[in-house]
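J.: Test case, fold it:
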Amino acid sequence: MTDSLHIYTDGSFNAASRSGGWAFVVYQGDRQLYAGCGKGAGTSNNTFEVLAVLNAMAWIAAETPAQPATLWTDAAHVIEGCYRWRAIWRTNGWKRITPNPHTRRRRIHDMEIWQQLDRLLEQHPNVVVEWCKGHSGAAGNELADFLARDAACSAVT
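T.: Next up is the predicted model:
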């Protein structure tokens, strides 16, 4: 399907500065259409991996809302969150429910980001999120990794 977009996402985190970067690169066929990246303060690499997908989804919603797209991520956490956990979290009022009464209703890390991503994924069923192996030579994944690392290393303002 030549109209389908392939969007590679990645996040990076610098523990020393407690800052990170996210990036996504949009392809249609072999042609790069767009690249976006950003930075900010954070607490983990997982935050920036999810932010990369969220920002890619926001770009889709604004630029190509009806076009089929595959979002590629090398973060297993994002895949599990998109296909397994977010439905559970939504049902549980965006809380983790565990058998331990002391931690029964724990807050979900990056809850606001996950809620925004959930809304966008629900609004755009023509978008699928897939896993790709990181650092395996896929040009889009390598470029997203470079842009995210570069953003993470730049000064947070």
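
J.: any idea how far the helix or strand residue 129 falls within is from the chain center?
T.: Take DSSP states H and E as the rule and residue 129 turns out to sit in strand 127-131. Distance of strand 127-131 from its chain centroid, counting by C-alpha atoms, centre = their mean, to the nearest Å, is 10 Å.

J.: Can you list the helices and strands that it packs against?
T.: Counting contacts by 3 or more C-beta pairs under 8 Å, 6 or more residues apart in numbering; DSSP states H and E, strand 127-131 is packed against helix 45-63, strand 69-73, helix 76-80. All C-beta atoms are positioned from the backbone trio N, CA, C, and that covers glycine.

J.: between the ones you listed, which one is nearest to residue 150?
T.: helix 45-63 (12.7 Å; C-beta to C-beta).

J.: coming back round to it: let me have the helices and strands packed on strand 127-131 in a markdown table, extended by mean neighbour count, distance to residue 10 and mean pLDDT.
T.: What follows is those, written out as a markdown table (neighbours: other C-beta atoms under 10 Å; distance: least, C-beta to C-beta, whole Å; pLDDT from 0 to 100):
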| stretch | mean neighbour count | distance to residue 10 | mean pLDDT |
| --- | --- | --- | --- |
| helix 45-63 | 22 | 6 | 97 |
| strand 69-73 | 22 | 7 | 98 |
| helix 76-80 | 16 | 10 | 96 |
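
J.: first to last residue in stretch 132-141, what's the distance?
T.: Terminal residues of stretch 132-141 are spaced 8 Å apart (C-alpha to C-alpha, to the nearest Å).

J.: Of all the residues in stretch 109-128, which ones are buried?
T.: Of the residues in stretch 109-128, those buried by neighbour count under the rule 16 or more other C-beta atoms under 10 Å are 110, 113, 114, 115, 116, 117, 118, 120, 121, 124, 127.
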